[in-house]
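# Give me a 3D structure for the following:
(2 chains)
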Amino acid sequence: MIELTDVHKAFGSKRVLRGVNLTIPTGTSMVIIGGSGTGKSVTLKCILGLVTPDRGKITLDGQDVTKGDRDAFLARFGMLFQGAALFDSLSVWQNVAFRLQRGAARRPKAEAREIAIEKLRRVGLTPEVADLFPAELSGGMQKRVGLARAIAADPEIIFFDEPTTGLDPIMAGVINELIREIVTEMGATAMTITHDMTSVRAIADNVAMLHDGQIKWTGPVAEMDDSSDPYLDQFIHGRAEGPIAAVR
Amino acid sequence: MSGATLALAPVAAIGRLAIFAVRGVSHVFRPPYYPREFGQALMQIGWYSLPVVALTALFTGGALALQIYAGGSRFNASSVVPSIVAIGMVRELGPVLGGLMVAARVASSIAAEIGTMKVTEQIDALVTLSTNPMKYLVAPRLLAAVIVVPALVAVGDSIGIWGGYLVGVYHLDFNAVDYLKNTVNYLESWDVVSGLIKGAVFGFIVALAGCYHGMQSGRGAQGVGRATKSAVQAAAVAILATDFLLTALFFTS
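Okay, the predicted model is just below:
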């Protein structure tokens, strides 16, 4: 279980997180929604230790994430970045097998390649893609490769940062389905940040609405439409009028 | 921003750079090591810089021979051309011009590469894949530059002396055998070694400037462009300042 308690983070004079409290039970899929610049990515990066919170506590299964063996902690995670963040200088299979070629999860090269091709197949890519370079792939294919890299070492927790941004509706649907299937079959804990309400409905067990650095509403996805929370209501219906200022 | 903050900003910047350098060097000596990245850095910094360093040295050696001949003939000392070309190249011009050429080519490319990795979240991706960016990106480049830039300087020295020889023998009518004898006889091993030490220090400066400014890169294309420009400027100024300090250290008693 991931638990955030009163997490604050400011960049200079800009206070991005103003006391985030959130619990993500093990084996569930949490989707954080909210407008641009409300602190969704910062929340996710705080959990991973990519950004250090100014105040508050983040725990994973009761253990403070800032303490203990960092490599062992990160080995439990996989992450799909917004732009896929594939390494340009490495081929597709080397990107997917990156974690399998170094550190505690190190495998022989042939085995790592075999696992990479298997994971590529899992996300709907053929083995011919394995020897291409990221620059030779379309945006949708890059996202799939990023997804294959995120699941390559069978992590317990997977983070998805804007998984469908920049994709056409069909490809977005394919990625949403893949995420749902993979999270279910791996039994992983998932945390997704997105603006895309179609993704929310496809991926989420639970939803959290982040606005102005605080969680305004959280609950099961089935209760989202009847929440009567003005922030959530305005966001999911895409209305210009409401408590969330249209001009930010 | 207050006056005190402004005054302290350069000190803070030097402090950040020093901490970055110490961390980078410490990772050179601590496993895990990344031989593939080290090999790529050797190629990027050394092999691909060879043409520009060689051409710079060739023309510099030739121009140096012409200048020394023209200047020396004013007081009947034009016979010193071979020895002064050799000493000038190996002590000063080889390492400094080689260092500046590598700074222009390599500091910019390292800063642009790492800066782009930063803005496209590839650095964050490295961390989430349990790979320390200082170990994976910085340490191999620092080590490769310290090893390969002295080698580039040695090649540049040889080509520069050869450039002086070509001008001396085919344009200024020096006897070829006498030119080579004068080159060898007046050159001391410390002249060469001091230049190679300078090359190692300049290599470190180039890689450090590229990596540091790349890691500090701001957002977007403008941020990467600014990082690239800052890396080249910082490396060039630091090379010239360090050259003065090392020359004073090596050659003044």
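
# Only C-alpha atoms from now on, for both contacts and neighbour counts.
Fine.

# closest point of chain A to chain B, which residue?
Residue of chain A nearest chain B, by CA to the nearest CA: residue A:85 (4.8 Å).

# Show the contacting residues for that residue.
Each residue near residue A:85 by CA atoms under 8 Å, 6 or more residues apart in numbering or on different chains is listed here: A:146, B:120-122, B:125.

# Residue A:128: which of those is nearest?
residue A:146 (16.5 Å; CA to CA).

# per-residue confidence at the residue of chain A closest to chain B?
Note for residue A:85: predicted pLDDT of 95.

# partner residues bridging the residue nearest the centre of chain A?
For chain A, the residue sitting closest to the mean C-alpha position, by CA atoms, centre = their mean, is residue A:160 at 1.9 Å. Beta-bridge partners for residue A:160, by DSSP bridges, are residue A:80, residue A:192.

# Is it in contact with residue A:200, as I believe?
No - counting by CA atoms under 8 Å, residue A:160 does not reach residue A:200; the two are 11.8 Å apart.

# Run through the residues of chain B sitting next to chain A.
Applying CA under 8 Å from any CA of the partner chain, one finds that chain B approaches chain A through B:32, B:117, B:120-122, B:124-125, B:127-130.

# Tell me the one among those residues nearest to residue A:54.
Using CA to CA, residue B:124 comes nearest to residue A:54 of those, at 19.4 Å.

# check contacts around that closest one.
Contacts of residue B:124 by CA under 8 Å, 6+ apart are A:50, B:118.

# Make sure it is indeed in a helix.
Yes - counting by DSSP: H, G, I helix; E, B strand; the rest coil, residue B:124 is located in a helix.

# Relative to residue A:197, how far out is it?
Per CA to CA, to the nearest Å, residue B:124 is found 26 Å from residue A:197.

# quick one on the thing from earlier: and the contacts of residue A:85, which is closest to residue A:102?
Distances from residue A:102 to the contacts of residue A:85, taken by CA to CA, are shortest for residue B:125, at 14.5 Å.

# Neighbours of the closest one, how many?
25 (other CA atoms under 10 Å in any protein chain shown).

# What pLDDT is listed against it?
95.

# where does chain A come near chain B, residue by residue?
Counting by CA under 8 Å from any CA, chain A sits next to chain B at A:48, A:50, A:71, A:74-75, A:77-79, A:81, A:83, A:85-87, A:98-99, A:103.

# for those residues, which one is nearest residue B:16?
Nearest member of the residues of chain A next to chain B to residue B:16, counting by CA to CA, is residue A:50, at 18.7 Å.

# Taking chain B, what residue is nearest to chain A?
residue B:122 (4.8 Å).

# Quick check: chain neighbours aside, which residue is closest to that residue?
In space, and not counting its chain neighbours, residue B:122 is closest to residue A:85: 4.8 Å by CA to CA, 6 or more residues apart in numbering or on different chains.

# Helix, strand, or coil at that neighbour?
Under three-state DSSP, residue A:85 comes out as coil.

# how far away is it from residue A:68?
27 Å.

# cool, and residue A:222?
37 Å.

# between the two, which one's more packed in?
Shown here are residue A:222 and residue A:68; by other CA under 10 Å, residue A:222 has more neighbours (13 against 10).

# confidence score at that one?
92.

# quick one, phi/psi of it?
Per-residue torsions, residue A:222: phi -70, psi -20 (degrees, to the nearest 10).

# How about residue A:96, nearest residue that isn't a chain neighbour?
Nearest one to residue A:96, counting by CA to CA, 6+ apart, is residue A:149 at 4.0 Å.

# how is chain A carved up into domains?
Domain segmentation of chain A under automatic domain parsing yields A:1-76+A:157-248, A:91-154.

# Could you name the stretch from these that's closest to residue B:17?
domain A:1-76+A:157-248 (20.3 Å).

# mind listing the strands for chain B?
With strands called from DSSP state E, chain B shows none.

# any low-confidence regions in it?
By pLDDT under 70, the low-scoring segments of chain B are B:1, B:253.

# How much space separates the residue nearest the centre of it from residue B:137?
Nearest residue to the geometric centre of chain B (CA atoms, centre = their mean): residue B:99, 2.5 Å. Counting by CA to CA, the separation of residue B:99 from residue B:137 is 21 Å.

# ok now the helix or strand that contains residue A:110, how far from the chain's centre?
Assigned by DSSP states H and E, residue A:110 belongs to helix A:109-122. The chain centre lies 22 Å from the centre of helix A:109-122; the measure is CA atoms, centre = their mean, to the nearest Å.

# Now do it: everything it contacts.
A:93-94, A:96-97, A:100-101, A:126-127, A:130, A:144-145, A:148-149, A:151-152.

# if we can go back for a sec, among the residues of chain B next to chain A, name the buried ones.
B:117, B:120-122, B:124-125, B:127-130 (16 or more other CA atoms under 10 Å in any protein chain shown).

# TSV for these, including distance to residue B:64?
As requested, these are exported to TSV (distance: CA to CA, whole Å):
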residue	distance to residue B:64
B:117	42
B:120	46
B:121	48
B:122	46
B:124	49
B:125	50
B:127	50
B:128	53
B:129	53
B:130	52
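
# List the buried residues for the longest helix along chain A?
In chain A, with assignment by DSSP state H, the single longest helix is helix A:169-186. The neighbour-count check on helix A:169-186 (16+ other CA under 10 Å) flags A:171-176, A:178-180, A:182-184 as buried.

# got it, and stretch B:229-245?
Under 16+ other CA under 10 Å, the buried positions of stretch B:229-245 are B:229-236, B:238-240, B:242-243.

# and if you look at stretch B:205-213?
Neighbour counts over stretch B:205-213 (16+ other CA under 10 Å) mark B:205-213 as buried.

# And the furthest pair within the residues you listed?
Among those, B:205 and B:213 lie farthest apart (CA to CA), at 11.9 Å.

# Can you give me every residue that contacts the nearest residue to residue B:71 once chain neighbours are set aside?
Leaving aside its sequence neighbours, residue B:71 sits nearest to residue B:78 (CA to CA, 6+ apart; 7.6 Å). Applying CA under 8 Å, 6+ apart to residue B:78 gives the contacts B:68-72.

# and what of residue B:184?
So residue B:184 contacts residue B:83 (CA under 8 Å, 6+ apart).

# pLDDT wise, what is residue A:120 at?
On the pLDDT scale, residue A:120 gets 94.

# ditto for the one 3 residues further on
Residue A:123 carries a pLDDT value of 88.

# That one contacts residue A:147, doesn't it?
Yes - between residue A:123 and residue A:147 there is a contact under CA under 8 Å: 7.3 Å.

# When these two are compared, which one has more neighbours?
residue A:147 (29 against 22).

# from memory the more buried one sits against residue A:80, does it?
Yes - between residue A:147 and residue A:80 there is a contact under CA under 8 Å: 5.6 Å.

# Narrow the contacts of residue B:78 to those that are buried.
So, by 16+ other CA under 10 Å, the buried ones in these are B:68-69.

# So which residues of chain A form helices?
Going by DSSP H, chain A shows helices at A:40-48, A:70-74, A:92-96, A:109-122, A:139-151, A:169-186, A:197-203, A:230-237.

# Other residues contacting the last one?
Contacts with helix A:230-237, where a contact means CA under 8 Å, 6+ apart, come from A:34-35, A:197, A:209, A:211, A:216-217, A:224-225, A:227, A:240-244.
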